[in-house]
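Colleague: Sequence plus the predicted model coming up.
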Amino acid sequence: MSVPFMVSIARLAVAESGISMKQYLAALPFRSTAIRTFTDCPTSLKSRSSCWSSGTLSIFEKGWYCFTPSISLMCPNAMATRLRQTSDRLQRRTIIKSTTSRSRPQRVNRLVEIANGKDAVVLRCSHRGCRDVIPVCILKLSDRCSTTFKSAKWHHISCDEHYCQCCYDCYTQKSGLRKVNDWRRLWKLNGGKALPSIKLFIAEGQSATIDPFLHMGRMLYGEEGRGWCWRKPSSANKRNEMLHIVLFAKEGGSESQNLCEKVLPYWIQCMKCSKWRTVLGTCYYNDFANFDCSRVISPTDDGQDPCSVAEDPVARRALVSYWFKYLAVPPLLKNSPAAVFLKKEYYFDLLGMSPTMSVSVEQNARPFYMATDYDRARCFRPDAMEPDEIKAFPEYESEQNFYLCLRNLIVALWNLNPSNWITPADCKKKIICRGLIRILLTHEVGRILQFLTHQGLVNFGLLKNPPNCFSIAPKKMSVVVVGAGISGIAAARQLQNFGVNVVVLEIKEKAGGRIVDDCSFGVPVGRGGQLITGIINNPFCVLCFQAGINFRVLREECPLISERTGKIVNHDVDRQVECHFNALLDVIEHWQRRGDMDDNLLTLMKKVDRCYSAHKCGSSLESVDEEELFNFHISNLEYSCGSPLEMVSGLHWNQNEKFPQFAGSHALMTAGCARITDQLVEGLDVRYCKKVVGIDYSSEQVKVCTADEETFICDKVIVTVPLAVLKKECIEFLPALPDNKLKAISTLGCGIIEKIALRFSKNFWSKKTNAADYFGSVSSKGQQRGFFNVFYDFTPPGSSDDETCNVLMCYLSGESAQLIHSKTDEAIVDLCVQTLRRMFPEEDIPEPMKYMVTRWGQDPDIGMAYSYICVGATGDDYDAMAETVKGKVHFAGEATSRQFPQTFTGALVSGLREASKILECTIIF
């Protein structure tokens with residue numbers, strides 16, 4: 001029997017039975033005995049569909065043949081089914097598929113009534129986990145779109161979003177294919193990693209040819225001009241009484257334009273009723289921020305409010321916990337603010353962003369790691385979740401794109417403008433993507449923002465009047481902060497912003513701790529901290545931005561002047577000694593990896609230097625200039641450590657360098673740091689002149705006792721007093737602190753650095769130093785090391801002739817800082833002026849008009865500058881200092897910051913850290 005003859009018989013049987021030929025052949029009660037594959041189907045079968053280009057011809061018993069198309073009209077996983085006779089009533093019977101024990105179980109089809117009491121097979125979506133029993137095409141691009149639920153194949157986007165094969169074919173031919181190819185070129189040009197499939201094209205919605213708010217429905221032509229008309233669709237096209245937009249356009253609109261407008265819709269939430277509506281076309285930030293139902297639904301004749309129209313129930317299904325796990329394409333945010341900082345060094349589609357968006361690069365901050373970067377502090381990996389993020393959001397561990405696109409967006413928004421609160425509403429209007437996934441993203445962005453805020457990564461600092469969305473729980477918590485230094489008031493401000501009752505107890509008459517400015521010199525001169533070490537991502541720089549305070553970025557040039565000759569040191573000799581000094585530190589770092597017995601740093605350096613000379617492995621110090629320069633570098637290192645090198649651990653002195661540090665140049669707070677602390681303390685309940693003498697945490701609540709016999713009852717306490725105060729046991733803890741914390745307190749060292757500031761009637765140094773920001777003093781051989789090592793020029797630019805602004809500041813470090821205690825201020829100032837006269841013999845240096853000498857080491861309430869690691873101590877002691885005792889007693893300050901010790905930035909970060917710990921006890925993200 002020939003194939004055409006078989007087809008004729010089959011058509012006759014179909015005509016008699018009233019069902020389709022495909023159903024008839026599939027229902028034949030015969031077993032296939034032979035199969036032949038044809039590359040071209042019979043001519044008579046091609047008339048059924050232009051898509052039948054290949055298939056399989058099955059030869060059955062009794063001379064029956066069956067041609068099965070291989071593409072388009074059948075799902076790839078579909079198997080032959082058998083249909084029983086159609087009943088007069090509606091039947092929804094499951095059709096059992098024949099499978100073998102070795103074959104994969106197939107998803108079942110459904111039997112539904114289409115028309116005239118006849119049933120038809122409707123293929124379910126083949127995607128695993130899809131809930132839709134009967135998929136519905138959401139594109140409706142083709143005239144042959146399967147609006148009656150019949151499609152040879154369903155393409156899955158999400159469990160509630162599918163499109164049929166006919167609509168898919170619109171993008172594989174003619175103008176649709178040209179548009180897809182243009183998009184693919186843009187995708188590859190901008191570095192998209194994933195294969196630019198048609199499904200990605202549809203999900204991303206490349207339709208930038210029409211202004212905002214187009215509709216999912218049909219295009220109408222024949223009207224003059226373009227305008228908006230709000231109409232209800234016909235009852236046949238109604239979906240849960242949703243009202244849609246119909247766009248009027250001029251007759252003759254291009255086919256490509258119309259095709260690309262009909263893509264996945266945007267889901268936008270009404271600002272009035274919070275119901276979700278669908279909008280097709282191109283939308284912008286303001287469209288999401290100001291959207292309401294009246295923009296897509298026109299009031300009816302009876303005055304019905306557009307917001308009273310029911311919401312599509314499918315919108316709420318996107319919030320089901322497992323819904324996002326069955327998405328066929330990841331979310332691709334358009335115009336995400338994070339793209340500004342990433343500079344296309346990452347595959348955007350792997351970060352949940354669209355590679356086809358335009359990006360303008362700005363150099364504001366660097367919150368994300370770049371491919372060529374070393375580790376930077378407070379920097380995020382844009383392509384991976386951090387461990388604490390995985391702990392807070394374990395559901396996104398395997399699908400990190402969903403979390404990363406939102407986290408990166410929030411971090412970018414904060415770095416673009418840290419002077420305002422970042423709220424969920426701000427983030428939602430920046431989430432631009434098509435499909436139901438936008439509903440889930442806007443729902444989750446609030447949780448992620450709250451997490452980042454409580455971690456002190458965004459929404460911190462001098463911000464006032466926090467939004468109600470950040471307020472914590474119904475039960476108010478009370479916290480007492482001991483010490484009003486920057487760590488204490490930063491923690492108090494952060495906690496108060498989130499609804500915690502906070503009281504700060506300060507022993508002195510002013511807040512700030514070791515941040516104190518002397519403004520009597522014409523320019524603010526810091527008696528304590530005033531140098532920012534690394535300005536990139538530094539939270540203290542964020543505070544400066546919020547307060548409107550500028551700082552001076554220090555240039556790298558630092559001319560060194562010899563006291564012995566009064567000349568600038570030869571640059572080549574300086575470089576040679578510096579390389580020799582750094583080589584010694586590299587050898588010590590290599591020795592640290594062996595973990596041998598600890599020794600002080602200076603002894604180790606001398607041992608290594610002797611080995612260099614004995615084995616001729618390097619250059620030893622041969623001239624007097626080289627020896628003096630070598631002592632200068634040792635003195636500079638003592639300033640960094642805050643102690644003589646004889647007391648510093650050679651094994652762990654630089655333990656913080658194992659952690660990311662703040663990158664970029666250093667900066668000098670020429671406007672002073674006290675303005676920051678003054679603004680931080682505004683609005684806080686600070687009790688001055690309150691000396692804390694006891695902390696009792698033996699019961700459920702904590703009792704904090706002061707010297708004037710006043711007791712404060714609280715849920716938690718944060719102790720931010722300096723390490724020297726803890727060493728002197730000025731505060732009695734009941735019960736006693738754990739042994740590991742007591743060991744850390746006794747082992748870590750208290751460094752002493754003293755400052756001297758001088759104001760002169762003229763600027764005599766700028767000509768020789770070429771107006772450098774700072775210059776060094778190389779002491780003569782045999783002199784005490786650490787005397788006035790570096791001088792900082794506080795003269796404002798352009799005011800060198802003003803006698804009220806010619807200010808130099810220097811410091812004493814190492815053993816020299818200890819000698820200051822036995823000398824008067826006048827004697828110290830005289831030594832400093834004599835040093836300047838040896839450095840500038842050609843100048844007639846007058847006596848200073850004003851001077852300042854600090855004595856931090858003699859202050860009973862502070863007693864130190866910053867901590868350091870003594871011989872026998874380790875970096876673990878910093879971690880022990882930061883540990884919370886019994887969940888009630890917290891510790892903050894630079895001596896609790898293993899990553900940033902010895903800096904006021906470290907103190908600031910430690911305060912935010914402890915505030916985060918307290919907030920985590922009350923909030924589940």
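Modeller: Happy to help now that I have it.
Colleague: The stretch 751-900 of the chain: strands as residue ranges?
Modeller: Taking DSSP state E, counting those that start in this stretch to define them, one finds strands in the stretch 751-900 of the chain at 754-760, 774-778, 790-793, 806-812, 850-853, 866-868, 889-891.
Colleague: Can you list the helices and strands that the last one packs against?
Modeller: By that I understand strand 889-891. strand 716-719, helix 904-920 (3 or more C-beta pairs under 8 Å, 6 or more residues apart in numbering; DSSP states H and E). All C-beta atoms are positioned from the backbone trio N, CA, C, and that covers glycine.
Colleague: can you pull the buried residues of the longest one?
Modeller: For helix 904-920, burial by neighbour count (16 or more other C-beta atoms under 10 Å) applies to 904-919.
Colleague: so which of these comes closest to Q701?
Modeller: Of all the buried residues of helix 904-920, Q701 sits closest to I918, with 14.3 Å by C-beta to C-beta.
Colleague: Which residues are in contact with that closest one?
Modeller: By C-beta atoms under 8 Å, 6 or more residues apart in numbering, I918 lies in contact with M477, V479, L495, V500, K716, I718, H890.
Colleague: The residues you listed, buried ones only, as a ChimeraX selection?
Modeller: In ChimeraX, this line selects whichever of these come out buried by 16+ other C-beta under 10 Å:
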select :477,479,495,500,716,718,890
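Colleague: Domain-wise, how is the protein divided?
Modeller: Following automatic domain parsing, one gets these domains for the chain: 1-74, 207-317, 323-454, 470-530+669-749+863-920, 560-664+753-858.
Colleague: a markdown table for the ones you listed, including mean pLDDT?
Modeller: Shown next, in a markdown table, are these (pLDDT from 0 to 100):
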| stretch | mean pLDDT |
| --- | --- |
| domain 1-74 | 40 |
| domain 207-317 | 58 |
| domain 323-454 | 85 |
| domain 470-530+669-749+863-920 | 94 |
| domain 560-664+753-858 | 86 |
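Colleague: Y168 is nearest to which of these?
Modeller: The nearest among those, by C-beta to C-beta, is domain 1-74 at 9.5 Å.
Colleague: which residues sit in contact with Y774?
Modeller: Here Y774 is in contact with L554, C558, V790, F791, Y792, D793 (C-beta under 8 Å, 6+ apart).
Colleague: ditto for R838
Modeller: E563, R564, G566.
Colleague: one more time with 7 Å
Modeller: By C-beta atoms under 7 Å, 6 or more residues apart in numbering, R838 lies in contact with E563, G566.
Colleague: Who is V717 paired with across the strands?
Modeller: Beta-bridge partners recorded for V717 (DSSP bridges): V480, V889.
Colleague: does it really touch G694, like I thought?
Modeller: No. Counting by C-beta atoms under 7 Å, V717 sits too far from G694 to count as a contact (11.1 Å).
Colleague: These two: which is more packed in?
Modeller: More neighbours surround V717 than the other of V717 and G694, with 26 against 14 (other C-beta atoms under 10 Å).
Colleague: Can you say which of the domains of the chain is nearest to C164?
Modeller: domain 1-74 (11.0 Å).
Colleague: and W591, how many neighbours?
Modeller: W591, neighbours per other C-beta under 10 Å, totals 16.
Colleague: Repeat that for K272.
Modeller: K272 has 13 neighbours, counted by other C-beta under 10 Å.
Colleague: Same question for D876.
Modeller: 15.
Colleague: try the one 3 residues further on
Modeller: Other residues within reach of D879 by the criterion other C-beta under 10 Å amount to 14.
Colleague: Can you give me the distance of it to R575?
Modeller: For D879, the distance to R575 equals 38 Å [C-beta to C-beta, to the nearest Å].
Colleague: same question, R552
Modeller: Computed as C-beta to C-beta, the R552 to R575 distance reads 26 Å.
Colleague: Looking at these two, which is more packed in?
Modeller: The neighbour count for R552 versus R575, taken as other C-beta under 10 Å, is higher for R552 (18 against 10).
Colleague: In the stretch 551-700 of the chain, mark out all the strands, start to finish.
Modeller: Going by DSSP E, counting those that start in this stretch, the stretch 551-700 of the chain shows strands at 552-553, 560-562, 667-668, 686-687, 692-696.
Colleague: Can you say which of those is nearest to C270?
Modeller: Closest of the strands of the stretch 551-700 of the chain to C270 is strand 686-687, at 44.8 Å (criterion: C-beta to C-beta).
Colleague: May I have the helix or strand where R184 lies exported as CSV, CA atoms only?
Modeller: R184 is located in helix 174-189, with elements delineated by DSSP states H and E. Taking Å, rounded to 0.1, in the frame of the first residue of the first chain, the C-alpha atoms of helix 174-189 are listed here in CSV:
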residue,chain,number,x,y,z
LYS,A,174,10.9,37.4,8.8
SER,A,175,11.0,40.6,10.8
GLY,A,176,10.8,38.8,14.2
LEU,A,177,14.0,37.0,13.4
ARG,A,178,15.7,40.2,12.3
LYS,A,179,14.8,41.8,15.6
VAL,A,180,16.1,38.8,17.6
ASN,A,181,19.4,38.8,15.6
ASP,A,182,19.9,42.5,16.4
TRP,A,183,19.3,41.8,20.1
ARG,A,184,21.7,38.9,20.0
ARG,A,185,24.5,41.0,18.5
LEU,A,186,23.9,43.6,21.3
TRP,A,187,23.9,40.8,23.9
LYS,A,188,27.2,39.4,22.7
LEU,A,189,28.8,42.8,22.3
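Colleague: That one - contacts with which helices or strands?
Modeller: Judged by 3 or more C-beta pairs under 7 Å, 6 or more residues apart in numbering; DSSP states H and E, helix 174-189 is in contact with helix 198-204, helix 255-261.
Colleague: mind checking how far that helix is from the chain centre?
Modeller: Mean-position distance between helix 174-189 and its chain equals 32 Å (C-alpha atoms, centre = their mean, to the nearest Å).
Colleague: So what's the model's average confidence on that helix?
Modeller: In this model, helix 174-189 carries a mean pLDDT of 80.
Colleague: Pull out the buried positions in that helix.
Modeller: Result for helix 174-189 [16+ other C-beta under 10 Å]: buried residues S175, G176, K179, V180, W183, R184, L186, W187.
Colleague: Quick one: the residues you listed as a markdown table, columns for distance to L601 too.
Modeller: Output for these, formatted as a markdown table (distance: C-beta to C-beta, whole Å):
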| residue | distance to L601 |
| --- | --- |
| S175 | 74 |
| G176 | 71 |
| K179 | 67 |
| V180 | 65 |
| W183 | 61 |
| R184 | 60 |
| L186 | 57 |
| W187 | 55 |
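Colleague: got the buried residues for stretch 652-662?
Modeller: H652, W653, N654, Q655, N656, P660, Q661, F662.
Colleague: Tell me the one of those nearest F460?
Modeller: Distances from F460 to these, taken as C-beta to C-beta, are shortest for F662 (16.0 Å).
Colleague: Would you check that that closest one makes contact with I532?
Modeller: No. Under the criterion of C-beta under 7 Å, F662 is not in contact with I532, lying 8.3 Å apart.
Colleague: Need the overlap of contacts for the two.
Modeller: Listed as contacting both F662 and I532 by C-beta under 7 Å, 6+ apart are N538, T905.
Colleague: Can you list the neighbours in contact with the host helix or strand of R316?
Modeller: Using DSSP H and E, R316 sits in helix 314-317. Contact with helix 314-317 is made by D160, W267, W276, W323, L436, I439, as judged by C-beta under 7 Å, 6+ apart.
Colleague: So which of these wins on neighbours?
Modeller: Neighbour counts for the contacts of helix 314-317 peak at L436, which has 27 neighbours (criterion: other C-beta under 10 Å).
Colleague: And for that residue, nearest residue in space, chain neighbours not counted?
Modeller: Computed as C-beta to C-beta, 6 or more residues apart in numbering, the closest residue to L436 that is not its neighbour in sequence is A318, at 4.3 Å.
Colleague: need the contact list for the one you found.
Modeller: A318 touches L436, I439, L440, counting by C-beta under 7 Å, 6+ apart.
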